[in-house]
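Chemist: Pasted the sequence and its predicted model underneath.
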Amino acid sequence: MLKISSLEAWYGKLHIIKNISLDIQKGSFVSIIWPNWSWKSTLLKSIVWLTTISKWKISFLRKDITNLKTYKYIKYWISYVKQTENIFSKLTVKENLEIAWTTLDAEIYKKNLSEVFQLFPILLKECDKIAWLLSWWQRQILAIGMAYLHKPKLLLLDEPTAWLSPKSINTVFNAINKIHTDGVTILIVEHNVKKILEYCTDIIILKDGKIAISAPREELDDEKIKDIYFN
């Protein structure tokens with residue numbers, strides 16, 4: 001579904017991603033794990049052109065999107081949710097969902113919005129509330145709902161449960177799992193390794209900017225994951 005070849009990415013003079021190649025299969029729930037807290041999100045940001053890329057090749061659904069601008073990704077059914085600053089805090093929940101819609105087809109918007117509300121009833125309940133009054137987990141649900149509004153085929157999630165309480169983490173993961181069950185392929189960066197292992201179908205562990213391992217979850221027991229992650 002998503003194929004990346006020979007990705008090299010930088011932050012200024014820092015060489016973060018070093019010759020990484022990926023092949024994300026349709027329908028998978030892939031977790032990216034990286035021991036270094038500072039750079040776990042870099043791979044996702046590179047996929048949507050938010051880092052300096054020196055070379056790579058990327059295709060999605062067999063179409064070459066190597067030079068595709070970030071704002072055009074949504075037209076290829078790829079949605080990306082940032083870790084922070086991912087909603088418009090001064091707007092209402094309803095206005096956030098309206099501004100997230102990028103086409104002029106009102107009927108499809110109404111249909112998709114109805115599905116978002118069915119999937120995330122909290123957004124319907126808080127529809128008229130100013131976004132900054134939402135709790136942190138509700139804001140994350142809103143950001144995910146905005147991304148899901150376009151019914152993407154691939155959803156990229158950057159640390160969606162950062163700073164959340166254990167109860168809120170469960171709520172957000174349940175929401176993400178609902179989207180995956182609906183047929184959306186998930187590629188997620190997540191610091192909560194123990195929790196993400198309950199949901200993912202595949203694991204990618206990065207160390208020193210390279211892939212240490214990429215395998216189906218069922219092939220990796222917890223001890224092997226710990227050994228790779230901490231050593």
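Modeler: Perfect, I can see it now.
Chemist: from memory Gln140 sits against Trp163, does it?
Modeler: No. Distance between Gln140 and Trp163: 9.6 Å, which falls outside the contact criterion (C-beta atoms under 8 Å). In this view, the C-beta of every residue, glycine as well, is placed from N, C-alpha and C.
Chemist: Looking at those two, which is more packed in?
Modeler: Neighbour comparison, Gln140 and Trp163: the larger count goes to Gln140, with 29 against 12 (by other C-beta atoms under 10 Å).
Chemist: For that one, give me the backbone phi and psi.
Modeler: Backbone dihedrals for Gln140, given as degrees, to the nearest 10, come out at phi -60, psi -40.
Chemist: Let me see the contact set for it.
Modeler: 86, 160-161, 164, 172 (C-beta atoms under 8 Å, 6 or more residues apart in numbering).
Chemist: Name the nearest of those residues relative to Asn112.
Modeler: Asn86 (18.6 Å; C-beta to C-beta).
Chemist: Strands of the chain, start to end?
Modeler: For the chain, the strands defined by DSSP state E cover 2-11, 14-24, 29-33, 52-60, 63-64, 78-81, 154-158, 185-189, 202-207, 210-216.
Chemist: Can you name every helix or strand that the third one contacts?
Modeler: This points to strand 29-33. Counting by 3 or more C-beta pairs under 8 Å, 6 or more residues apart in numbering; DSSP states H and E, the packing neighbours recorded for strand 29-33 are strand 185-189, helix 193-196, strand 202-207.
Chemist: Please repeat the previous calculation with a cut-off of 7 Å.
Modeler: Applying 3 or more C-beta pairs under 7 Å, 6 or more residues apart in numbering; DSSP states H and E, one finds that strand 29-33 contacts strand 185-189, strand 202-207.
Chemist: what lines up beside it in the sheet?
Modeler: strand 185-189 (parallel), strand 202-207 (parallel) (DSSP bridges).
Chemist: Before I go, just wanted to say thanks for your time.
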